[in-house]
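Q: Predicted model, plus sequence, below.
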Amino acid sequence: MISEKMMDFVKNSSSIRAMFEEGKNMAAKFGAENVYDFSLGNPSVEPPKRVKEAIAEVLEEDSPNLVHGYMLNAGYEDVRAAVAASLNKRFGTGFDESNILMTVGAAGGLNVILKTLLNPGEEVIVFAPFFGEYTNYVKNYDGELVVISPDTSSFQPNLKEFAEKISEKTKAVIVNTPNNPTGVVYSEKTIMALAEIMYKAQDEFGTDIYLISDEPYRELVYDGREVPYLTKYYENTIVGYSYSKSLSLPGERIGYLVIPSEAADAENIKAAASVANRILGFVNAPSLMQRTVAKCLEEKTDVAAYDRNRKLLYENLLKYGYECIRPEGAFYLFVKALEEDDKAFVERAKQFHLLLVPGSTFGCAGYVRLAYCVSQDMIERSLPAFQKLAESYQ
Ligand code: PLP
């Protein structure tokens, strides 16, 4: 018999994954070209050519222990130093290898840092809409998730409610910008106001409150939008990064955590995070991928392809009468459902072979998420289905 805790996890198992399975079944039934699957954030853009070359180069190297062996749980020192130098160059920060811990993607990094920080019952604040997996990650370490309700006019964090809900029990706050599912980039003004609330709360409660910046979409921005680097606004910031989207490597499981030396208790956090990486069973991030990304720190994915998809879908959906915030980053559209119940809307969409994810998965009912990291061709073929779906409500 499985554990009670796992029973809960299984029962609430991600509807995004369920949709992915359903997509495959529908494709078998109706033909793949007649199913429009916008459910999963799996990049359609190939990894940059340099990534493939770098993998081959690493494999050609002659010292198996330097490529395939165990290393420090935090990762290869030269790889971490290269990551730190690249961040310093881009953001004017002052990191060195001791501030970087290589992780098994963003998911691995978030689990490592939450295991490192959380005592049972301590609270982690998230802003709806948010990546639904945070609920599971916080539960993994018996933390309590506190959800701040969405501001659906701008999809920036609702700071008034945040100031009310931050408490002596708050251990961490997770932000994700550019955001999954809205595509919104939190403005510098928002970040400064958020930092001010957190500094004030730390003073008032005499506690350390950590800001966890989950940023797998940092480089996926449009129209020259800037994404503030959060360690510069709030000292107790820990950054979780991933190459899943920026280099189209989600299956390879590679990312890193930044634990700045200015963060409260930084030395203990670095040491504990390294142990957490090991005892969660990751041991260390995949060695081949560590070596590969270190050779590709200047590489960029084809953001222009996602931008074309963004415009094509956004402009046509508005034409058909849908309401949606214009995404500034990531590769998602967060569209208002045409009926109150987002799950019923998702069911209706399926009749038109459109696979969408209900907003309630992200703590924001009444909306649906479309992942447009798909082929442009599929988007073009799907447009009549979106139009018919809208007409079915008239
Ligand atoms: N955080 C957010 C906001 C995401 O959207 C995702 C994946 O879609 C992840 C974390 C997990 O990313 P990774 O594949 O790097 O574990």
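A: Arrived safely. Numbering: from 1, shown residues only.

Q: Looks like residue 162 contacts residue 128 (just checking).
A: No: with contacts counted by C-beta atoms under 8 Å, residue 162 stays clear of residue 128, the gap being 11.3 Å. C-beta here means a position set from N, CA and C on the backbone, and glycine is covered the same way.

Q: Please enumerate the shared neighbours of these two.
A: Shared contacts of residue 162 and residue 128, defined by C-beta atoms under 8 Å, 6 or more residues apart in numbering, are found at residue 148.

Q: How about residues contacting stretch 47-61?
A: Residues from elsewhere that reach stretch 47-61 (C-beta under 8 Å, 6+ apart): 67, 247, 248, 249, 288, 291, 292, 295, 296, 299, 300, 301.

Q: between those, which is closest to residue 101?
A: Lowest distance from residue 101 to the contacts of stretch 47-61 (C-beta to C-beta) belongs to residue 291, with 16.2 Å.

Q: Quick check: pLDDT value at that closest one.
A: With respect to pLDDT, residue 291 scores 96.

Q: Let me know the secondary structure of it.
A: Secondary structure, DSSP: H, G, I helix; E, B strand; the rest coil: residue 291 is helix.

Q: moving C-terminal of the helix or strand of the chain with the lowest mean pLDDT, what's the next helix or strand?
A: Least confident helix or strand of the chain, by mean pLDDT, DSSP states H and E, is helix 64-67 with a mean of 74. Where DSSP states H and E defines the elements, the next helix or strand beyond helix 64-67 is helix 77-91.

Q: Go through that following helix and flag the buried ones.
A: Under the neighbour-count criterion of 16 or more other C-beta atoms under 10 Å, helix 77-91 has 79, 80, 81, 82, 83, 84, 87 buried.

Q: center of this protein - which residue?
A: Most central in the chain under C-alpha atoms, centre = their mean is residue 216, positioned 5.0 Å from the mean C-alpha point.

Q: Once you drop chain neighbours, what's closest to it?
A: In space, and not counting its chain neighbours, residue 216 is closest to residue 242: 3.9 Å by C-beta to C-beta, 6 or more residues apart in numbering.

Q: how far away is the one you found from residue 72?
A: Taking C-beta to C-beta, to the nearest Å as the measure, residue 242 falls 20 Å from residue 72.

Q: Residue 43 too?
A: Distance, residue 43 to residue 72, by C-beta to C-beta: 30 Å.

Q: The two: which has the busier surroundings?
A: residue 43 (23 against 15; other C-beta atoms under 10 Å).

Q: Tell me which residues touch the more buried one, please.
A: 244, 245, 248, 250, 301, 331, 373.

Q: try 7 Å
A: Each residue near residue 43 by C-beta atoms under 7 Å, 6 or more residues apart in numbering is listed here: 245, 248, 250, 373.

Q: Same question for residue 355.
A: Going by C-beta under 7 Å, 6+ apart, residue 355 touches 19, 22, 23, 36, 37, 38, 39.

Q: so how far is residue 1 from it?
A: Distance from residue 355 to residue 1, counting by C-beta to C-beta: 34 Å.

Q: Same check on residue 381?
A: Residue 381 sits 46 Å away from residue 1, going by C-beta to C-beta.

Q: Quick check: the residue nearest to residue 216 touching residue 106?
A: Yes: between residue 242 and residue 106 a contact is recorded at 3.6 Å, counting by C-beta atoms under 7 Å.
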